[in-house]
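Student: have a look at this prediction, sequence included:
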Amino acid sequence: MTAPTKFVGRSVARLEDRPLLLGKGRFAADVSFPGQWHMRVVRSTVAHGKLRGIDASAALALPGVHAVWTHKDVAHIPPIPFRLTGLKELEPYRQTVLAKDYVRYVGEPVAVVFAADQYVAEDAADLVELDIEPLAPVLDACGDTGPFDDTHATEPSVIRKGYGDVEAAFKAAHAVVTLALSTGRHSGVPMETRGAIARYDEARDILEMHGAAKVPWWNRDHIARMIGRTRANMHLLEGHVGGGFGIRGEIYPEDVLVCAAALAFNKPIKWIEDRREHLIAANHSRQQQHNVRAAIDAEGHILAIDNEFFHDNGAYMRTHAATVPDLSAAMLPGPYRVPAYRAVGHIRLTNKTPCGTYRAPGRYESTFVRERLMDAIAAKVGVDGVEIRRRNLIGKSEMPYDLHLETLGTHIVYDSGDYALLLDKTLALAGWPALQADLKKRRAAGEMVGAGVAMFVEKSGLGPSDTVRVEIKSDGKVEVVTGVASIGQGVETAMAQIAADALGVDYTSIDVVHGQTDRIDQGAGAFASRVTVMCGEATRLASVKLRDKLLRLAAELMQTEPAALDIINGEIVRRDSTGPSMTLAELAQARPGELSAEDTFLSSHMVYPYGVHVAAVKVDTDTGAVAVERYVIGYDVGKAVNPRLVESQIAGGLAQGLGGALLEEFVYDDNGEPLAVTFADYLMPTAREVPAMSILVTEDAPSPLNPMGLKGAGEGGANPVGAVLASALDDALQRPGAIVDLPVTPQRLVRLVKTPPASI
Amino acid sequence: MKPAPFVRHVPRTLQQALAILSQVAGQDGRILAGGQSLVPIMAFRLAKPAHLIDINEVAGLDRLESDGKVLSIGARVRHAAFHAPVTDNRLAALLTYVARHIAHYPIRMRGTFCGSLAHADPASEWCLTAATLGATMVAMSQRGTREIAASDFFEGIMSTALADDELLAEVRLPLLTPDAKFGFYEFNRRAGDFAMAASLVTYSLVNGKMAQARVGVGGAEPSPRRIEEAEAALNGQSPDDDAFRAAAQAASDAVDPLEDHQTNAEYRRDLVRVVVRRALEHSLT
Ligand SMILES: Cc1cc2nc3c(=O)[nH]c(=O)nc-3n(C[C@H](O)[C@H](O)[C@H](O)COP(=O)(O)OP(=O)(O)OC[C@H]3O[C@@H](n4cnc5c(N)ncnc54)[C@H](O)[C@@H]3O)c2cc1C
C-alpha cells in the first residue's frame, strides 16, 4: 500500500499562481457588463471648508454624461458604519458617502458623475464647479483641537487602558526614562487600486457588487442596510485581489455609491480608482505621537510604563473606528513583564485623509515606542540592548500570560511562547557577537555602521467563528467553501493542504472557494492574520467530518466496516490492502449530493505569535542615505502549514515596514494640501531598496488554542521594522536615542549627523 | 487618470511634421516622442494638448552618428541606444555610464535623448550632459533651422529656448579627446528616481595637472549648468583630494538651490558638495 502523502508543513507550490503568472487574473478592472456606466468621483480640493454650492450644469451638458449626484441625491443613505471597535461617542464623526455641508480633507467625495466611458466621466468631473468657503484646517493631532461641526470638537474620544498602580511605581522607581516619539503617516499601497462594479439583476432581484475584498459578508450586510435592501438579495463577489494590507476591502463611499446607483438607474455601474485617487482617498494609517515614560529599578527592570499618545485619524472615523489606537494601547507591553501600565490615547481628527488599519496596525507604532524605550533603558543602566531585553522578557513558564488588557473584544492572554529561546536562535543566525565585533572594527575605521535588535508579540486568529463546507464533486474533486477572502496571501493553498491531509487526497485536487457571499451565508473574511488559524481549523473540522461520512458511505457499498477503510491519495482502500478500492468520484456518483460536510470553529481568544528582528545598517554620512546591510528575522508561528508562504508573508511585510521607516510618507503643506499624490513623491521601496534577508521560522510554541497549534503569519514581517532600524541607526550614530521620528529621511539623518549630541 | 481629448497626427516625413506643428502650435500642439514624460502629465491632466504630433514614424530622425568632431543624436534616438557605447570615442563611454542612471529599463527603451532635453527637467541626466559638454541643439520649423548653444537653451524648470513651432531635430555633442577623464555621480533616494543632485565632470591632464575642466551640476537649480568657480578650482591642479574638495566646496557655494518638501536649501547645498566630489573621485577610477 502506498504511504499517504502529507501536505501540511511542506512548502508546496501555490495553487493560485497559474492564472496570475499567465496574465489571466480577473481583477476588478477586468469586470465589465454590457451597457455599463462609469462613475467618476469629484473630490474636494480644499482641506477644510463650508460647502456652499455645487454647479454641475456644464458637466451635465457634456455629451455622454448621464447624471451627476451630490449629497442631496444620497441624503437618505446613512453614514458608513463601524465594523470594529465602534465606540458610541465616535458615531457623529462617521463619513457620509458624499460630503454634506462641509468638506474635511482634500480628496473627499463631493459629487459623482455617471457617464458613458471613463474619459467622458473624467472630462465631466473637471467641469463640476465647487463653491467652497475655506476654513482653517487642523493638521496637528497633538495641538489644540478645532471644531468638527457646530457641536463636536476634533477629539472624539480618549482611550484609557491599564492595570496596576502606575503612580506608586513611578514614585518608587530607581530612575525614569522619558521619550517623545512619532511614527509617520503612510499606508498600504496595493498594486491593484480599489474598484467596484455593481449590477442589478431584475430577473432575480439580486444586486451584485464585484471588486469586493477582505470582508465581503460584513460589507454585504451593511451596504444592503444602508441602501434599503436585505442581505438575502445582495451579493458581494471577490475576484483576484492585488493586495489588501488592511486598507483594501473596507466599505468606502465609492462602494455604496456604485450599489445605490446601479439600483437607481438600473444600469451596471463601474468605478475604478486611479493611483492619484488611491493615495488621497483610501485609508491612511500610522500617524501617532507618543509621550512615553518608564519607571525602572537599578538593574533596568521595568516597574511601570505610562503611554500617552495622540492618534491622527484624519478627517473622519471610518469602519475601523478606534481599532488602531485601541491596539496601540493594548499591545504596547509586548514580550516584557510590565507590572503596572497606563495608556491614554487621544483620538484626534485632522483635515487629512481618514485612517484605518494597515498591516500590524497599532503594533508597528507601539513596537517602535516600546523598543525605543528598551534601548533608552539599556543606555540609562549601561547595559546593551540584548541584555536589557533578556532581563525583562516574560518567561516560558509564565505562559499562558494574562496581560490584564482587552482589545478587539477579547481578553489578551498570550497563549504560548518562549521569547528568550527565539532571541537566542535569531542572534545565533545573525552571528551577533561576530557582527558586533566587525561593526566595531569598521566604526573605528571611520564607517558609520551599527546594528539593532527588536522584539515583539503579534496577535492573530481573531474569532469569533468560521464555518467551512467541504464537498466531493461528482468528478472526485474536492471543493472547500470558506467564509474568508484571498488578498494574495495563499489562502487557497493553505486551506487545500489542511483539507488534503484530513481527507487523504492530493492538495491539487482541491478547489478553495473564498469571497463569494452567494456560496456560503456567513464569513468573517481576511484580516488580523486570522485566516489560517480560524478558517484552517474550520477546514480541518469539516474535512474530518466529511472523511468519517465518506468512510461510512463507502463501507456500505464495499460491504465492510468504516474502520476497515482508509483514504489514501484520493482513493478509498482497505487497510489490510485486500480487495477492490473505490475512487472518490465513484463514491460521489453512487451517492449523489450526499458527500458534503460543514463545521464551525469557534474561538473567543486570539493567538499570539512573536518575533525578533535584527538589522545592520550603514549610514552615508555625506548624503544621509541608509543601506540595510543585513536583516535577520526570527518568527515563531506555532505551526507552519506552508513554510514558504510564511516566509513570503514575512518578506513582504519587511518591505512595507522598511517603507514606513525610511521612505514612505504622506506629507501635507500648511494648507492641508497633500504633497505625496503620485509615486514620484510617495516613495515605495523597490526591489533595489529591500535588503536580502534571512528568515528563521520556528515552531517552538504551538498554540494550545487549536489542535494544529496554528498562529498567524501576516504581520510579523512589518511589525518591528521601524523599531529595529531606529535601534541600528542609533548604534551607527553611536548616539542612543537619536532616532525619535519615523520615517528617517536622508535629510533628517544628515541634520542629526551634523548637529552635536545634546548633553544628556 | 485619463487624458483630455486630443488629436494624434502621425507624419512620415520631417516636412510633414513641421507643417503640422506650425498649424497646431498655437493650440498647444505638442511633439510626442517617447511619451515617458508627456503621457504621465497628460494622464494627470497637468497638460491638455489638443494635438499631438507623433514623430515615432518620421524617417531620418533616428540618426545617431559621429563625423569625427561631434556625435549627432536624432530626435528618435532612445535612452537605451546608449546602453552600449555608440562609438569608440571616450564620449560614448561617458554616455553609457550616464544612461544607466536614467529611470528604469522600460522607460529607457522608449524615452528619447532629445525628448529629455525638450522636456528640460532640472534633474535630467541628459540635460546635465548637454550643459556640461556644451551641446548644440538643432531646432527646426517651417520658418527655418537654427542652432542653439546649451548655455542659451535651458531657460528654467521645464522651459527651453525652443519656440512652440520648433522641433528639436538633433543634438550635437562634441567628442572628447582620447585622454579625457570623466566622472559622474548622482544622489537619489531610490534607484531610478530623478536625482536630488547630480554632477558630471570632464577634464584632461597636461603634465599631471587638470586642464579644460568642466564641472556640471544638475538637479540643484532650475537648469543644469557649468559651475565656473569649481572649474577654476581644478584647472592647473593635480587631481587629488584637496583639489576635489576645493572644487566641491566652490560648487556648493555657487549654487542657488531649489527647495521642495523632501529637500531644503541647506541639504541640497550639502548634496551638491557631495556629488561634485564623488563625480571627481569617479573620474579617477
Ligand atoms: C518613472 C519615471 C522615472 C523617470 N526618471 C528619469 C530620470 O531619472 N532621469 C531622466 O532624465 N528622466 C527620467 N524620466 C523621464 C524620461 O527620461 C523621459 O523619457 C524624458 O524626460 C522625455 O523623453 P520622451 O522621449 O519620453 O519625451 P515625451 O514624453 O514624448 O515628451 C516630453 C516633452 O518634450 C517635448 N518633446 C519631445 N521630443 C521633442 C522634440 N524632438 N522636439 C520638441 N519637443 C519635444 C514633448 O512635446 C513634451 O512636451 C522618468 C520617467 C518616468 C516615467
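Tutor: Thanks, I have it.

Student: pull up the residues of the stretch 1-150 of chain B that are close to chain A.
Tutor: B:1-5, B:44-45 (Cβ under 8 Å from any Cβ of the partner chain). (Each C-beta comes from the backbone N, C-alpha and C, glycine too.)

Student: try 7 Å
Tutor: B:1-2, B:4, B:44 (Cβ under 7 Å from any Cβ of the partner chain).

Student: columns neighbour count, secondary structure and pLDDT on top of these, output as TSV?
Tutor: What follows is those, written out as TSV (neighbours: other Cβ atoms under 10 Å in any protein chain shown; DSSP: H, G, I helix; E, B strand; the rest coil; pLDDT from 0 to 100):
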residue	neighbour count	secondary structure	pLDDT
B:1	17	coil	91
B:2	17	coil	95
B:4	14	coil	96
B:44	15	coil	95
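
Student: any chance of TSV for the residues you listed, columns distance to the ligand?
Tutor: What follows is the residues of the stretch 1-150 of chain B next to chain A, written out as TSV (distance: Cβ to the nearest ligand atom, whole Å):
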residue	distance to the ligand
B:1	13
B:2	17
B:4	15
B:44	12
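
Student: quick check on residue B:246: phi, psi?
Tutor: In terms of degrees, to the nearest 10, the main-chain angles of residue B:246 are phi -60, psi -40.

Student: name the residue of the stretch 51-200 of chain B that lies nearest to chain A.
Tutor: residue B:191 (3.9 Å; Cβ to the nearest Cβ).

Student: my guess is that residue contacts residue A:690. True?
Tutor: No: counting by Cβ atoms under 7 Å, residue B:191 does not reach residue A:690; the two are 11.2 Å apart.

Student: so between the two, which is more surrounded?
Tutor: A count of neighbours by other Cβ atoms under 10 Å in any protein chain shown puts residue A:690 above the other of residue B:191 and residue A:690, at 17 against 12.

Student: the nearest residue to the more buried one once chain neighbours are set aside: which element?
Tutor: Leaving out its chain neighbours, the residue that sits closest to residue A:690 by Cβ to Cβ, 6 or more residues apart in numbering or on different chains is residue A:655, at 4.7 Å. In the assignment (DSSP states H and E), residue A:655 maps to helix A:643-658.

Student: that helix packs against which elements?
Tutor: On a contact count with 3 or more Cβ pairs under 7 Å, 6 or more residues apart in numbering or on different chains; DSSP states H and E, helix A:643-658 meets strand A:626-636, strand A:694-698, helix A:721-733.

Student: nearest to chain B, out of those?
Tutor: Between the helices and strands packed on helix A:643-658, strand A:626-636 lies closest to chain B; by Cβ to the nearest Cβ that is 9.8 Å.

Student: phi and psi next, for the spatially closest residue to residue A:250 that is not a sequence neighbour.
Tutor: Nearest non-adjacent residue to residue A:250, counting by Cβ to Cβ, 6+ apart: residue A:319, 4.5 Å away. For residue A:319, the backbone dihedrals (degrees, to the nearest 10) come out as phi -60, psi -30.

Student: give me the pLDDT for residue A:319.
Tutor: At residue A:319, the model reports a pLDDT of 98.

Student: pull the number of nearby residues for it.
Tutor: So residue A:319, with other Cβ under 10 Å, has 26 neighbours.

Student: that one touches residue A:83, doesn't it?
Tutor: Yes: using Cβ under 7 Å, residue A:319 is in contact with residue A:83, at 4.3 Å.

Student: from residue A:76, how far out is residue A:673?
Tutor: With distances taken as Cβ to Cβ, to the nearest Å, residue A:673 is found 33 Å from residue A:76.

Student: what does the residue nearest to residue B:149 when sequence neighbours are not counted show for phi and psi?
Tutor: Nearest non-adjacent residue to residue B:149, counting by Cβ to Cβ, 6+ apart: residue B:136, 6.3 Å away. When read as degrees, to the nearest 10, the backbone of residue B:136 gives phi -120, psi 130.

Student: where do the helices of chain B begin and end?
Tutor: Using DSSP state H, the helices of chain B run over B:14-24, B:38-43, B:90-99, B:105-110, B:113-119, B:125-133, B:150-153, B:228-234, B:241-254, B:265-282.

Student: now render the ones you listed as a markdown table, adding mean pLDDT and mean neighbour count.
Tutor: Shown next, in a markdown table, are the helices of chain B (pLDDT from 0 to 100; neighbours: other Cβ atoms under 10 Å in any protein chain shown):
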| stretch | mean pLDDT | mean neighbour count |
| --- | --- | --- |
| helix B:14-24 | 98 | 18 |
| helix B:38-43 | 97 | 17 |
| helix B:90-99 | 98 | 20 |
| helix B:105-110 | 97 | 15 |
| helix B:113-119 | 98 | 25 |
| helix B:125-133 | 98 | 27 |
| helix B:150-153 | 97 | 18 |
| helix B:228-234 | 98 | 20 |
| helix B:241-254 | 98 | 20 |
| helix B:265-282 | 98 | 23 |
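
Student: among these, which is nearest residue A:263?
Tutor: Within the helices of chain B, the stretch nearest residue A:263 is helix B:38-43; the backing value is 31.9 Å (Cβ to Cβ).

Student: now the closest one: how far from the chain's centre is it?
Tutor: 20 Å (Cα atoms, centre = their mean, to the nearest Å).

Student: would it count as contacting the ligand?
Tutor: Yes: using Cβ under 6 Å from any ligand atom, helix B:38-43 reaches the ligand at B:38, B:40.

Student: ok, residues contacting that helix?
Tutor: For helix B:38-43, contacts defined as Cβ atoms under 7 Å, 6 or more residues apart in numbering or on different chains pick out B:1, B:3, B:30, B:32, B:47.

Student: and the two most separated of the residues you listed?
Tutor: The largest separation in the contacts of helix B:38-43, counting by Cβ to Cβ, is between B:1 and B:30 at 18.6 Å.

Student: neighbours around residue A:503, how many?
Tutor: Neighbours of residue A:503 using other Cβ under 10 Å come to 25.

Student: is it true that it touches residue A:542?
Tutor: No: taking Cβ under 7 Å as the definition, residue A:503 is not a contact partner of residue A:542, at 9.9 Å.
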